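Undergrad: predicted model, plus sequence, below.
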Amino acid sequence: MSSNRFFSYSAAFFFLLMQCGFVGNLFFEEQEKRDLSLLFGIASSVLSLVCTTSSVVLTINEEEQQKKLEEEREYRHNRRK
């Protein structure tokens, strides 16, 4: 469940970042727009890399926890016999 919350917050932050870039383009000069576009492009790339890495780590952790729970259930089941 915490991974779902993490992805919700990440998506909201990414959306906010893109909206700031769009609004910024309305008020800046051409050179500033290019600089701002580059800055937001880099920021969104870093954010997507962080999200991807975090999703892999969270998936691995969830799989390990699931495996431990299954081993514990099996151990308890065998112990009762």
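TA: Nice, I can see it. Everything numeric here is computed off the predicted structure, so don't read it as measured data.
Undergrad: any idea which element the spatially most central residue of the chain lies in?
TA: Centroid-nearest residue in the chain: C51, 2.8 Å away (criterion: C-alpha atoms, centre = their mean). Element membership for C51 (DSSP states H and E) is helix 30-80.
Undergrad: what helices and strands are in contact with that helix?
TA: With contacts defined as 3 or more C-beta pairs under 8 Å, 6 or more residues apart in numbering; DSSP states H and E, helix 30-80 has these neighbours: helix 2-27. In short, each C-beta sits where N, CA and C put it, glycine included.
Undergrad: check which residues of stretch 49-61 are buried.
TA: Neighbour counts using 16 or more other C-beta atoms under 10 Å place C51 of stretch 49-61 among the buried residues.
Undergrad: show me where pLDDT drops low in this protein?
TA: The model of the chain has pLDDT under 70 over residues 1-8, 18, 20-26, 28, 81.
Undergrad: if we use 90, what do you get?
TA: 1-66, 74-81 (pLDDT under 90).
Undergrad: pull up the gap between H77 and E63, please.
TA: H77 sits at a distance of 21 Å from E63 (criterion: C-beta to C-beta, to the nearest Å).
Undergrad: run the chain-centre distance for the helix holding C51.
TA: 6 Å (C-alpha atoms, centre = their mean, to the nearest Å).
Undergrad: burial count for A12?
TA: 10 (other C-beta atoms under 10 Å).
Undergrad: only the buried residues of stretch 71-79, if you could.
TA: Buried, per 16+ other C-beta under 10 Å, within stretch 71-79: nothing.
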